[in-house]
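Trainee: sequence? don't have it. structure:
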């Protein structure tokens, strides 16, 4: 499975981030190459966007 934004391999079974889409190394769940615009008013995404599977609906 790869991230729909950055193309990195991702998993939701990482021991440090169970149930969260993250890369296979300890980088965490934040995707650095988001293709969605930054919502200035949305506090939930103030630190960036999470990875999402490439087959996920935006």
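Mentor: Arrived safely. In this text, all values refer to a predicted model and were calculated from it rather than measured experimentally. Numbering: from 1, shown residues only.

Trainee: Which residue ranges of the chain form strands?
Mentor: In the chain, the segments counted as strands under DSSP state E are 10-11, 22-23, 30-31, 49-50.

Trainee: which of these sits most buried?
Mentor: Each of the strands of the chain was scored by mean neighbour count; the highest is strand 22-23, a mean of 22, by mean count of other C-beta atoms under 10 Å. Where you see a C-beta, it was placed from the backbone N, CA and C, and this is true even at glycine.

Trainee: sorry, back to before: now the strands of the chain in a markdown table, with mean pLDDT and distance to residue 1?
Mentor: Shown next, in a markdown table, are the strands of the chain (pLDDT from 0 to 100; distance: least, C-beta to C-beta, whole Å):
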| stretch | mean pLDDT | distance to residue 1 |
| --- | --- | --- |
| strand 10-11 | 90 | 6 |
| strand 22-23 | 87 | 11 |
| strand 30-31 | 84 | 13 |
| strand 49-50 | 80 | 14 |
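
Trainee: can you list the ones you listed in a markdown table and add distance to residue 2?
Mentor: Below are the strands of the chain laid out as a markdown table (distance: least, C-beta to C-beta, whole Å):
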| stretch | distance to residue 2 |
| --- | --- |
| strand 10-11 | 6 |
| strand 22-23 | 10 |
| strand 30-31 | 11 |
| strand 49-50 | 14 |
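
Trainee: pull the helix or strand with minimum mean pLDDT from this protein.
Mentor: strand 49-50 (a mean of 80; mean pLDDT, DSSP states H and E).

Trainee: how about the closest residue to residue 2 other than its chain neighbours, what does it touch?
Mentor: In space, residue 2 comes closest to residue 54 once its chain neighbours are excluded; the distance is 4.9 Å by C-beta to C-beta, 6 or more residues apart in numbering. Counting by C-beta atoms under 8 Å, 6 or more residues apart in numbering, residue 54 makes contact with 1-4, 7.
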